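Chemist: Provide a 3D model corresponding to the input given below.
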Amino acid sequence: MPKKQKFEWTDELVMEFARANTEGSYRFNGESKISKKLEIFKNQKEHQPKGQICCMCDNKFDGYGNNAEPLKAGICCDCCNTEVIMARVMGTLKTITDDYEKNKSNGKTNI
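Modeler: Residues are numbered from 1 along each chain as shown. Next comes the predicted model:
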């Protein structure tokens, strides 16, 4: 289990909590009370891993990271994750578009 970090509010954490709070109660185990949400958020941040290395850019990052597959095996930072997601989306979109064009040339437009 990761070592508990001392929690201190920063402007960045306040903004992160505000964003998370607007995403819905699923992020806070269904809690609706703000005091409980703050407690859960603080607990998550105190136990969050620190100083992991991104398998894609080799930079250090704090947090749990993201699955970098299919581009690379391992954990990647949030910045690289955006690139991974875009690669997946663009690859899927290209496959769908190619299939549509192939079927269209054969007189079929349903995929």
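Chemist: got the domain ranges for the protein?
Modeler: Here the domain parsing of the chain from automatic domain parsing is 1-48, 49-111.
Chemist: average pLDDT for the first one?
Modeler: Mean pLDDT, taken over the full extent of domain 1-48, equals 81.
Chemist: return the residues in contact with residue 62.
Modeler: By Cβ atoms under 8 Å, 6 or more residues apart in numbering, the contact set of residue 62 is 48, 49, 50, 51, 52. Where you see a C-beta, it was placed from the backbone N, CA and C, and this is true even at glycine.
Chemist: measure the third one to residue 21 for me?
Modeler: Translated: residue 50. As for residue 50, its distance to residue 21 is 24 Å (criterion: Cβ to Cβ, to the nearest Å).
Chemist: looking at those two, which is more packed in?
Modeler: Neighbour count, other Cβ atoms under 10 Å: between residue 50 and residue 21, residue 21 has more, with 15 against 11.
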